[in-house]
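Undergrad: starting from these lines, generate the structure:
(3 chains)
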Amino acid sequence: MERKYTILAVLLIVLALGLVVLQKKKELKETDPKSLLMAIAEKSRFLSADQVTHRIIENDPTLMLIDLRPTDQFKKFTLPGSINIQPDSLLSKGTLELLNQPGKDKVLYGNSDLTAEKAWVLGTRLSISRLYILKGGLNEWYNTIIKPGDVSATASSADLDLVSFRNAARQFFTGAGKTSDATDDSKSYEKVNVLRKAPAAKSGGGC
Amino acid sequence: MIGPIISSGLVSHAWDNIFAVFIGMGFGFALESSGFSSSRKIIGTFFGYDFVVVKVFFTAAIVASMGLLYLSYLGLVDFSQLYIQPTFLTSAIVGGIIMGIGFSMGGFCPGTSLCAAAVGRLDGLVFFGGMFLGVFLFSESFPIFENMYYSGSQGAKMINSAFGISPELFTFFLVLAAVGMFFGAAWVQKKVKKVEY
Amino acid sequence: MKKIKNDGSFYVNPYLGGVMLGTVLLLSFYISGRGLGASGAVKNTVAATVNVIAPQHVEKSAYYCQFAGGDKKPMNNWLVYEVLGVLAGAFISGIVFNRLKLKVEHSPKITSRRRLWFALGGGLVFGFGAQLARGCTSGAALSGMAVLSYGGYITMVAIFGTAFVVAWIFRKNWI
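TA: Here you go, the predicted structure:
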């Protein structure tokens, strides 16, 4: 009887020690310069506006949008579900914890690629996996999705599909079906004023 | 799947309540089968003739916290999505003291009284009924206690940060303390006169 | 493990029971992101009852209006479903381990009536304290300990510490 319990007790302590040992590995490691260079050379870090839009509309739970623009711009307009992170707080502990979720695709964007690129290099150096950039930033997203291009007469059927998808997406974001002309622009901006909802699913009280 | 499953959005919220019933069943079964339906067995902890409460309670706490830390290490649980009881220091201490008195008087805590009632212990049923009165009394006199209820707020603070160590290291010390307590309990139980109940 | 009592009932090994309880708690966090609870369901039931009897009172009360009144449904709550499960689970365990029996458990030194009065009083005090501390032994202490909540540990120490000291006053009721 006594012996059985001693074995169990030792097992417990070993398991607890395991936690303490493993914890060291969990700390962020830096990627070495060579593989960082290779990662920069590769272009797979870019997601197109269409790809991202698709996933927003499908409510993809693995998608995490990170808006790197200043707060006042973020408040005015942002992609639905985005989190606003200021570039200067990128290395703060809270941000790193947020980014260090291996199960999520983190998509960085600013008004253009510039800030997102810098943030991407920093994040990749800190071995954050599944980090992406919205190609062209919010400006290109707006030009592709909200401002529709003209459909040329010779467009292929794949192109037509794309156009109709963008039309549907526009409807999703602005609620307006028609092409918005310049005067209407500010209005449709107002409508899309989607701020990040508080983590709705965080469950409530205990006892 | 990354837990918690419900808030990850992979399973619809409607399932939450169905899971709740099954989790509750497991909870009730675990409590009752370890003997938590008997008030004299529970209260034995304070007189040293039966340490079942200490053994079950601390084993459960270390299994769950080690499990959560391992799952979080493996990336299976998003610790930030878990509900961490916010700390209100004053009300936690005063409320705990009041509960301690109720515990010694009634011989149950809410969960165990429910288990006792389920297997036909009338004292458990009455205890459970008494809780309704207590809750009602508190709600009616809430304005008196409102200040205390909200004072000493420290947010969802974790105990390891109070000591300035990592959660893993804290759990390690917790396990050491629990194992020490288990052997201590066995030693005391041998010394204390048996009580038939 | 073989601890069969003379009435034929049987308790599982407390450490096995603890592992069971811990696993259920872990599952609860893994599935729903929250711990177990018991007193919360009582709170919701009380709030729902008062809401039926005196809805205006609920609107006015700073406490009730947190979880009842308006379009809040206090009875359609995770904890209420969980507590129903607890009843079922304990009942099943009672059948399996041969413990289903109507009785009042008390020390041979006191009467059943005295025991029941103390149970009522204990329940009342416990229910009151559980509201103040935002949870009981399961909701605040056990679940809090699992996620290393500071408040959870404080509440746990307060409950067991006080109970240990106070138990001496009530010793006649138990041994």
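
Undergrad: tell me where chain C has helices.
TA: Secondary structure of chain C (DSSP state H): helices at C:14-32, C:39-53, C:55-60, C:78-96, C:112-132, C:143-146, C:150-167, C:171-174.

Undergrad: what residues does the last one touch?
TA: The contact list for helix C:171-174, computed with C-beta atoms under 8 Å, 6 or more residues apart in numbering or on different chains, reads B:40, B:43-44, B:47, B:105, B:107, C:106-107, C:109-110, C:114-115, C:118, C:167. Every C-beta, even on glycine, is put in place using the N, C-alpha and C of the backbone.

Undergrad: rerun at 10 Å
TA: If you take C-beta atoms under 10 Å, 6 or more residues apart in numbering or on different chains as the criterion, helix C:171-174 is touched by B:39-40, B:42-44, B:46-47, B:49, B:104-107, B:195, B:197, C:106-107, C:109-110, C:114-115, C:118-119, C:122, C:167.

Undergrad: make a PyMOL selection of the buried ones in these.
TA: Buried residues within the contacts of helix C:171-174, by 16 or more other C-beta atoms under 10 Å in any protein chain shown, are selected in PyMOL with:
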select buried, (chain B and resi 39+40+42+43+44+46+47+49+104+105+106+107+195+197) or (chain C and resi 106+107+115+118+119+122+167)
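
Undergrad: ok, now which ones touch whichever residue of chain C sits closest to chain B?
TA: Chain B sits closest to C:Gly122 of chain C, with a gap of 1.9 Å, by C-beta to the nearest C-beta. C:Gly122 makes contact with B:39, B:99, B:101-109, B:113, B:123, B:126-127, B:130-131, B:134, C:170, C:173, according to C-beta under 10 Å, 6+ apart.

Undergrad: so it versus chain A, what's the distance?
TA: 17 Å (C-beta to the nearest C-beta, to the nearest Å).

Undergrad: tell me where chain A has helices.
TA: A:2-26, A:33-41, A:49-57, A:71-76, A:93-99, A:114-125, A:137-141, A:157-174, A:185-191.

Undergrad: measure the residue of chain C closest to chain B to C:Ser107 for me?
TA: The gap separating C:Gly122 from C:Ser107 is 14 Å, by C-beta to C-beta, to the nearest Å.

Undergrad: neighbours around B:Glu168, how many?
TA: For B:Glu168, the neighbour count with other C-beta atoms under 10 Å in any protein chain shown is 24.

Undergrad: wondering if the helix or strand that contains it reaches chain A at all.
TA: For B:Glu168, the host element (DSSP states H and E) is helix B:167-191. Yes. Counting by C-beta under 10 Å from any C-beta of the partner chain, chain A is contacted by helix B:167-191 at B:167-176, B:178-180, B:182-183, B:186.

Undergrad: just the buried ones from the residues you listed?
TA: Applying 16+ other C-beta under 10 Å to these flags B:167-168, B:170-172, B:174-175, B:178-179, B:182 as buried.

Undergrad: and of the residues of helix B:167-191 next to chain A, the nearest to chain C?
TA: Nearest to chain C among the residues of helix B:167-191 next to chain A: B:Pro167, at 5.5 Å, using C-beta to the nearest C-beta.

Undergrad: can you tell me the closest non-neighbouring residue to that closest one?
TA: Closest residue to B:Pro167 apart from its sequence neighbours, by C-beta to C-beta, 6 or more residues apart in numbering or on different chains: B:Asn160 at 4.7 Å.

Undergrad: pretty sure B:Phe142 sits against C:Ala47.
TA: No. Applying C-beta atoms under 10 Å as the test, B:Phe142 and C:Ala47 come out as separate, 11.6 Å apart.

Undergrad: chain A contacts on chain C?
TA: Listed as neighbours of chain A in chain C under the rule C-beta under 10 Å from any C-beta: C:1, C:13, C:15, C:19, C:29, C:32-43, C:66-67, C:77-79, C:130-131, C:133-144, C:147, C:149, C:152, C:155.

Undergrad: from the residues you listed, which would you call buried?
TA: The neighbour-count criterion (16+ other C-beta under 10 Å) marks C:13, C:15, C:19, C:29, C:32-43, C:67, C:77-79, C:130-131, C:133-144, C:147, C:149, C:152, C:155 among the residues of chain C next to chain A as buried.

Undergrad: show me the domain layout of chain B.
TA: Domains of chain B are assigned by automatic domain parsing as B:1-84+B:166-197, B:85-157.

Undergrad: so which of those is the most surrounded?
TA: Highest mean neighbour count among those (mean count of other C-beta atoms under 10 Å in any protein chain shown): domain B:85-157, with a mean of 23.

Undergrad: near chain A, anything from that one?
TA: Yes. For domain B:85-157, a contact with chain A is found by C-beta under 10 Å from any C-beta, at B:85-86, B:110-111.

Undergrad: what bits of chain C have low per-residue confidence?
TA: Counting by pLDDT under 70, chain C shows low-confidence ranges at C:1-9.

Undergrad: what do you get if the cut-off is 80, keeping everything else the same?
TA: Along chain C, the parts satisfying pLDDT under 80 run over C:1-10, C:65-73, C:175.

Undergrad: centre-most residue in it?
TA: Closest residue to the average C-alpha location of chain C: C:Ala38 at 4.4 Å, with C-alpha atoms, centre = their mean.

Undergrad: contact partners for it?
TA: For C:Ala38, the contacting residues are A:207, B:24, B:27-28, B:31, B:109-115, B:128, B:131, C:79, C:82-83, C:86, C:130, C:135-139, by C-beta under 10 Å, 6+ apart.

Undergrad: got the end-to-end distance for stretch C:134-145?
TA: Length of stretch C:134-145, first residue to last, C-alpha to C-alpha, to the nearest Å: 14 Å.

Undergrad: list the contacts for the closest residue in space to C:Ile92 that isn't next to it in sequence?
TA: Distances taken as C-beta to C-beta, 6+ apart put B:Phe29 closest to C:Ile92, at 6.0 Å, once the chain neighbours are dropped. Counting by C-beta under 10 Å, 6+ apart, B:Phe29 touches B:115, C:12, C:17, C:20-21, C:24, C:85-86, C:88-94, C:96-97.

Undergrad: tell me the one among the residues of domain B:85-157 next to chain A nearest to A:Ile40.
TA: Proximity of those to A:Ile40 (C-beta to C-beta) peaks at B:Pro86, which lies at 43.2 Å.

Undergrad: how near is A:Thr71 to B:Lys191?
TA: A:Thr71 is 65 Å from B:Lys191, by C-beta to C-beta.

Undergrad: cool, and A:Val52?
TA: Distance from A:Val52 to B:Lys191, counting by C-beta to C-beta: 69 Å.

Undergrad: and C:Ser149, by the same measure?
TA: Distance of C:Ser149 to B:Lys191, computed by C-beta to C-beta: 35 Å.

Undergrad: with C:Thr111 instead?
TA: C:Thr111 sits 31 Å away from B:Lys191, going by C-beta to C-beta.
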